[in-house]
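Chemist: Pasting the sequence and the predicted model now:
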Amino acid sequence: MNPSRILPILAFALLPQIHANRPNIVFVLADDLGWADVGYNGAKFYETPNIDSISDLGMRFSDAYPGASNCMPSRAILMTGTYITRTQMWTPGSRAKGENKYMKFLVPRRDDKKGDETMPSKEILDPAFVTIPEVLQLSGYTSAHFGKWHLGPHSHGFDINDGNGLGAGLGPKFYNDPNSSDTLTDASIAFIEKQTAAEQPFFLYLAYWDVHTPYKAREDRVAKYERKLKNGDWDREWRATYAAMIEAVDHNVGRLYDALKSLEIADNTLFVFSSDNGGHAGATPNHPLRGAKGAFYEGGIRVPTFAVWPDVVESGTVCHTPITGVDFLPTFADVAGAPLPRWQDVDGRSFLPLLKGQDALQDRAIFWHYPLYLQGNGYNLVVPIHGTEKMYWRATPSSVIRKGDWKLIQYFESDSVELYNVRDDIGEIDELSAAFPEKVDSLLAELKRWQKETRAVIPTELNPDFEN
């Protein structure tokens, strides 16, 4: 048996009896839902009445981030509490996407196996990592995951791990199923009812397949938004199907929270909603944010997030302190009274003090890293081919740090940086590196220390096929 399975069992045997009144934890993750796609962040065409009203009951995080700008790595990060530099799960498919001739550095890429040996790039979460359900097991929690997994064939401590809520297991994908959000919510409610009847504290991780491509939704919902588009004076040709997929998520988030209330356990349940990355450039505008999924501008990494816990969190509050994907494991451990694994580097910090209205985490830095290439499209053409002004990429090898109001992006190809004050300039319009050289120096020094500490993979080998 893997050590990560044995140690929690041994530790659990040494703990005192667990009381049934430990708070339940429900974590709902939408797929590709942009920060601006919800009503409380300004959406007009899309409708999210349940998300808006439930978020009113607790705390909204204005500056919440996943640990990565795309789906697979952000899920590995939140499950382990460790940065991407440790999991080395950079991107689905594990290889750079785009034309090889535009890549300055030699990295793992689709068209040439020679690049596969240049750096580690993984698609499966190593079973040695300790995950949220394994940590919560130490406090007597039963854990279930329903929906998109994206971490490989291992369940990583979940008692139930099911891709569609109907017993499909972890392998199949359900992007094309317009009813998937319904079946996942049905299974989630059944799990909650069972654990409540047994007076057993639980952790539910509900990861919807919506609103990821391909865009498919129930016909009645699509027709509703087609009528809305036709009958309104709109500023763009909004996607009716995408709006219908958002409604599917919103409707089922409402169903899920209603179940907690009907079972009279909502007051003793931490309910968290978030998204795995920013909105897709082919689906939604992300305005006023710049860029989209895959980019390290705010449109790629700022996501709608809120937490409701009536016994603890004051309703109608907004927190402007940044939180990020590595923070969920230590936060949930803190809520459950479970110890963090001593045999694993946990990079995140508990934001439970923030939920309690306390000042915390304001001065810490958070980080992102990506050593590959990712081709852009539409308004997500945000990074030029090295040595040219031609916009082609949404991401090239780079690292990012945010500390306080400031955000610095380091590009390895050009050995250059960009600096933004994202508190004053959420759209990242004004690049300020020339105006604030001392801020650049301090942030870059801290970013480089983090790269060294976490052994970040940084490409250096030049691509012989690069066309400058």
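Modeler: Right, received. Where do you want to start?
Chemist: contacting residues around the residue nearest in space to the middle of the chain?
Modeler: Central residue of the chain (C-alpha atoms, centre = their mean): Asp276, 2.8 Å from the mean position. By C-beta atoms under 8 Å, 6 or more residues apart in numbering, the contact list for Asp276 reads 29-32, 66, 70-71, 74-75, 207, 303. Backbone N, C-alpha and C define where each C-beta goes, glycine included.
Chemist: Spit out the contact partners of the closest residue to Ile409 other than its chain neighbours.
Modeler: With sequence-adjacent residues excluded and distances taken as C-beta to C-beta, 6 or more residues apart in numbering, Ile409 is closest to Glu418, at 4.6 Å. Glu418 sits next to 408-409, 411, 431, 433 when contact means C-beta under 8 Å, 6+ apart.
Chemist: re earlier: can you put the contacts of Asp276 in JSON lines and add distance to Gly167, secondary structure and pLDDT?
Modeler: Formatted as JSON lines, those follow (distance: C-beta to C-beta, whole Å; DSSP: H, G, I helix; E, B strand; the rest coil; pLDDT from 0 to 100):
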{"residue": "Leu29", "distance to Gly167": "21", "secondary structure": "strand", "pLDDT": "98"}
{"residue": "Ala30", "distance to Gly167": "23", "secondary structure": "strand", "pLDDT": "98"}
{"residue": "Asp31", "distance to Gly167": "21", "secondary structure": "coil", "pLDDT": "98"}
{"residue": "Asp32", "distance to Gly167": "25", "secondary structure": "coil", "pLDDT": "98"}
{"residue": "Pro66", "distance to Gly167": "29", "secondary structure": "coil", "pLDDT": "98"}
{"residue": "Asn70", "distance to Gly167": "28", "secondary structure": "coil", "pLDDT": "96"}
{"residue": "Cys71", "distance to Gly167": "23", "secondary structure": "helix", "pLDDT": "95"}
{"residue": "Ser74", "distance to Gly167": "26", "secondary structure": "helix", "pLDDT": "98"}
{"residue": "Arg75", "distance to Gly167": "21", "secondary structure": "helix", "pLDDT": "98"}
{"residue": "Ala207", "distance to Gly167": "16", "secondary structure": "strand", "pLDDT": "98"}
{"residue": "Val303", "distance to Gly167": "30", "secondary structure": "coil", "pLDDT": "98"}
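Chemist: could those residues be laid out in CSV, adding neighbour count and distance to Trp309?
Modeler: Formatted as CSV, these follow (neighbours: other C-beta atoms under 10 Å; distance: C-beta to C-beta, whole Å):
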residue, neighbour count, distance to Trp309
Leu29, 25, 18
Ala30, 30, 20
Asp31, 23, 24
Asp32, 26, 26
Pro66, 28, 21
Asn70, 25, 29
Cys71, 23, 27
Ser74, 27, 23
Arg75, 27, 23
Ala207, 20, 20
Val303, 29, 19
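Chemist: Kindly reformat these as TSV containing distance to Asp111.
Modeler: TSV is the format used below for the contacts of Asp276 (distance: C-beta to C-beta, whole Å):
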residue	distance to Asp111
Leu29	32
Ala30	33
Asp31	28
Asp32	26
Pro66	29
Asn70	20
Cys71	23
Ser74	26
Arg75	27
Ala207	31
Val303	32
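Chemist: ok, back up a step: generate a PyMOL selection restricted to the buried entries among the contacts of Glu418.
Modeler: Of the contacts of Glu418, the buried ones can be selected in PyMOL as follows, counting by 16 or more other C-beta atoms under 10 Å:
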select buried, resi 408+409+411+433
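Chemist: Which members of the contacts of Glu418 are the farthest-apart pair?
Modeler: Taking C-beta to C-beta as the measure, these span a maximum distance of 12.3 Å, between Tyr411 and Glu431.
Chemist: coming back round to it: can you tell me how far the residue nearest to the centre of the chain sits from Lys148?
Modeler: Asp276 sits 8 Å away from Lys148, going by C-beta to C-beta, to the nearest Å.
Chemist: returning to what we had before: quick check: the residue nearest to the centre of the chain vs Leu151, distance?
Modeler: Separation of Asp276 from Leu151 (C-beta to C-beta) stands at 12 Å.
Chemist: next one: Ala36
Modeler: From Ala36 over to Leu151 (counting by C-beta to C-beta), the distance is 28 Å.
Chemist: which one of the two has more residues nearby?
Modeler: Leu151 (25 against 21; other C-beta atoms under 10 Å).
Chemist: contacting residues for the closest residue to the more buried one other than its chain neighbours?
Modeler: Nearest-residue entry for Leu151: Leu125, 4.2 Å, with adjacent residues in sequence omitted and distances by C-beta to C-beta, 6+ apart. Going by C-beta under 8 Å, 6+ apart, Leu125 touches 76, 79-80, 87, 89, 151-152, 154, 156.
Chemist: Can you show me the helices along the stretch 301-450 of the chain?
Modeler: Assigned by DSSP state H, counting those that start in this stretch, the stretch 301-450 of the chain shows helices spanning 328-336, 352-355, 437-453.
Chemist: Now do the buried residues in the longest one.
Modeler: Within helix 437-453, the residues that qualify as buried by neighbour count (16+ other C-beta under 10 Å) are 439-440, 443-444, 447, 450-451.
Chemist: for the shortest one, same thing?
Modeler: Of the residues in helix 352-355, those buried by neighbour count under the rule 16+ other C-beta under 10 Å are 352, 354-355.
Chemist: residues making contact with that helix?
Modeler: 59, 270, 307, 309, 312-313, 319, 321, 323, 331, 334-335, 359-361.
Chemist: out of those residues, what pair is the most spread apart?
Modeler: Greatest spatial distance among the contacts of helix 352-355 (C-beta to C-beta): Leu270 and Asp359, at 20.3 Å.
Chemist: Look at these two and report which has more neighbours.
Modeler: Taking neighbours as other C-beta under 10 Å, Leu270 and Asp359 compare with Leu270 leading, 24 against 8.
Chemist: one step back: for Asn252, state which of the buried residues of helix 352-355 is nearest.
Modeler: Out of the buried residues of helix 352-355, the member with the shortest distance to Asn252 (by C-beta to C-beta) is Leu355, at 24.0 Å.
Chemist: Now that closest one. Nearest residue, chain neighbours left out?
Modeler: For Leu355, the spatially nearest residue (C-beta to C-beta, 6+ apart) is Val313, at 4.9 Å.
Chemist: Could you pull up the residues touching that neighbour?
Modeler: 58-59, 307, 355-356.
Chemist: Going by neighbour count, which of those are buried?
Modeler: In the contacts of Val313, the ones that pass as buried (16+ other C-beta under 10 Å) are 58-59, 307, 355.
Chemist: That's all I had, so thanks and see you.
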